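Peer 1: coords please:
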Amino acid sequence: MVQDIHPSKFYNEYNPCEISDKDYLIFFNSEGKILLGNDDDRVDFPTGVFRNLTEDIRYLFSIDDRKYFLAVGDIEPDIEGYTYYGIRQVRNLFDGKEVFAVFTAYHLCKWYNDNMFCGKCAGKLVVDEKERALRCPECGNVIYPRINPAVIVGVIKNDSILITRYRTGYAHNALVAGFTEIGETLEETVAREVMEETGVKVKNICYYKSQPWGMAQDILVGFFCEADGEGVIRMDENELKFAGWVKRDELELQPNSLSLTNEMMKRFKDGEV
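Peer 2: Predicted structure coming up:
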């Protein structure tokens, strides 16, 4: 999955240090696209050499001994040999720790850009000096990075799994998915989302694994469960264009191995679930 970058190590501790020439400097433009080197389809981030292009640089995280920084604000630098790529392009074109770095940097970039002013008093927020937070100097309100909890559900009936395809957006096979609502447990989210999207009741809900998904500011939590009853499908046509029971040997996986959804489908296809 996208976060599986072994033997590399991800360090997310807050460290408000200065950028050096060898560190990576991440630029996102107003459309949310990232500036990357385009030499032989190889991910190549701009380095701290270009720090004079922006006045607001913030430490993000480190992978191994390489530090990543964010150029904050609406900055669209023109650097020879570099091109802007959409987040989904990065997902499809490249592998490894670079994709995880882009996703996580985008998560933090969205948080900074979406939280410039205090929601209590409308004061200008400032970067906290001791932790990864934004603080209002007027009223003391503190804002932490937003993380949206969502479930991914593998519903099984005999030798088949419930496959969906979204009406818009991502075009490949997927599993039932949805966000946790206020006052709801993750297990209750599983039952509700499966019912809402497909009309299927479920039982024996079991946790599988979780995954950070920075491109949507999510933490994805995977569950497997069983259909309770006949498993008759009543698809939500506003959200889905397909929902059906698919046998193991007929299951088509997603085109890459980055997502929790694809790993869960592969585990079922390989007879491991």
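
Peer 1: Which secondary structure element of this protein has the lowest mean pLDDT?
Peer 2: helix 87-93 (a mean of 83; mean pLDDT, DSSP states H and E).

Peer 1: The closest residue to D95 other than its chain neighbours: how many residues sit nearby?
Peer 2: Among residues not flanking D95 along the chain, N256 sits closest, at 8.0 Å (C-beta to C-beta, 6 or more residues apart in numbering). Backbone N, C-alpha and C define where each C-beta goes, glycine included. N256 has 15 neighbours, counted by other C-beta atoms under 10 Å.

Peer 1: Over to E188?
Peer 2: As a burial measure, E188 scores 14 neighbours (other C-beta under 10 Å).

Peer 1: In the helix or strand that it is a member of, which residues are buried?
Peer 2: Using DSSP states H and E, E188 sits in helix 186-198. Buried residues in helix 186-198, counting neighbours by 16 or more other C-beta atoms under 10 Å, are found at E187, T189, V190, A191, R192, E193, V194, E197, T198.

Peer 1: For that helix, name the packing helices and strands.
Peer 2: On a contact count with 3 or more C-beta pairs under 8 Å, 6 or more residues apart in numbering; DSSP states H and E, helix 186-198 meets strand 148-157, strand 160-166, strand 176-179, strand 202-213, strand 218-227, strand 240-247.

Peer 1: Keeping just the C-alphas, turn the longest helix that the chain contains into CSV.
Peer 2: When the chain is parsed with DSSP state H, its longest helix is helix 97-114. The C-alpha coordinates for helix 97-114 follow below in CSV (Å, rounded to 0.1, in the frame of the first residue of the first chain):
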residue,chain,number,x,y,z
LYS,A,97,8.1,6.5,-1.0
GLU,A,98,7.7,9.4,-3.4
VAL,A,99,4.0,8.8,-3.8
PHE,A,100,3.5,8.5,-0.1
ALA,A,101,5.5,11.8,0.3
VAL,A,102,3.3,13.6,-2.2
PHE,A,103,0.0,12.3,-0.6
THR,A,104,1.1,13.3,2.9
ALA,A,105,2.4,16.7,1.8
TYR,A,106,-0.9,17.4,0.0
HIS,A,107,-2.8,16.5,3.2
LEU,A,108,-0.9,19.1,5.2
CYS,A,109,-1.0,21.6,2.3
LYS,A,110,-4.8,21.4,2.3
TRP,A,111,-5.0,21.8,6.0
TYR,A,112,-2.8,25.0,5.9
ASN,A,113,-4.7,26.5,3.0
ASP,A,114,-8.1,25.7,4.5
